[in-house]
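In: Fold the following for me, if possible:
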Amino acid sequence: MWAGWDCYLTAARDILGLRLPCHDNYAEWEAAAIHGGFRCLHEKFCIVSDFPEVLHIDDQNRPHCEDGPSHRWRDGWSIYYWHGVQIPKEWIEDRASLTATIALAEGNIERRRAACEIVGWDRIIVELSGKTIDYDEDEQIGELVEIDLPGAGRSRFLRVLCATGRRFAIPVPLTVKTALEANAWTYDISPQLMQQKENRT
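Out: Residues are numbered from 1 along each chain as shown. Okay, here's the model as predicted:
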């Protein structure tokens, strides 16, 4: 359903006045792009799907929906995407069944990343019994945790409580040694500057 290249050809003809030999054969394809969605080509015919009645995207214009299908057609057929990656329906409709073990066992690296984001790194850390490296009394500075991720090895995360009351985990480099240093890394500032900021508040 990506019509970006179609726009180039149409603009070359209608805006720039450039007539190309391919425009004659392009007319039927252009009509299909204007009036329909997915297209399946055969030597003798073309199947054109209707546009979906539901279409959700993220801030980068990739198909995405966190609480349902990213695409749904009028006959009920749906597909599910997470930030541009197609995923199984169950990962959205039955989130409780998606565990850290299932997410980390996914063979496709892009789907594994999507699964881990859906499960949430904080939950993955809890399920995999992460080891605390450093802990700050201020929960908004957080807790530096290390876990052994299947297929990725030793990894460190900062578990923090954000101002909205949500608890989440952020991947940080293995080189950070304290929760304060990890928190400062997420803002791309020095731990000393972070400490000064905390002292002022």
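
In: Is there a neighbour count for C65? I'd like the number.
Out: Neighbour count for C65, taken as other CB atoms under 10 Å: 19. In this view, the C-beta of every residue, glycine as well, is placed from N, C-alpha and C.

In: go on, the one 10 residues further on?
Out: By other CB under 10 Å, 8 other residues sit near D75.

In: Any idea which residue is closest to the centre of the protein?
Out: Note on the chain: the residue nearest the mean C-alpha position is H83, at 3.2 Å, using CA atoms, centre = their mean.

In: Just confirm that residue contacts C65, I think it does.
Out: No - using CB atoms under 8 Å, H83 is not in contact with C65; the gap is 10.1 Å.

In: tell me which helix or strand of the chain sits lowest on mean pLDDT?
Out: helix 191-200 (a mean of 71; mean pLDDT, DSSP states H and E).

In: Just give the nearest non-adjacent residue to the residue nearest to the centre of the chain, would you?
Out: If the residues on either side of it in the chain are set aside, H83 comes closest to H64, at 5.0 Å by CB to CB, 6 or more residues apart in numbering.

In: Spit out the contact partners of the one you found.
Out: H56, I57, D58, S70, Y81, W82, H83, G84 (CB atoms under 8 Å, 6 or more residues apart in numbering).

In: and with 6 Å instead?
Out: Taking CB atoms under 6 Å, 6 or more residues apart in numbering, we find H64 in contact with I57, D58, S70, Y81, H83.

In: Highest neighbour count among these?
Out: S70 leads the contacts of H64 on contacts (other CB under 10 Å) with 25 neighbours.

In: Phi first, then psi, for that one.
Out: The phi/psi pair for S70 (degrees, to the nearest 10) reads phi -80, psi -30.
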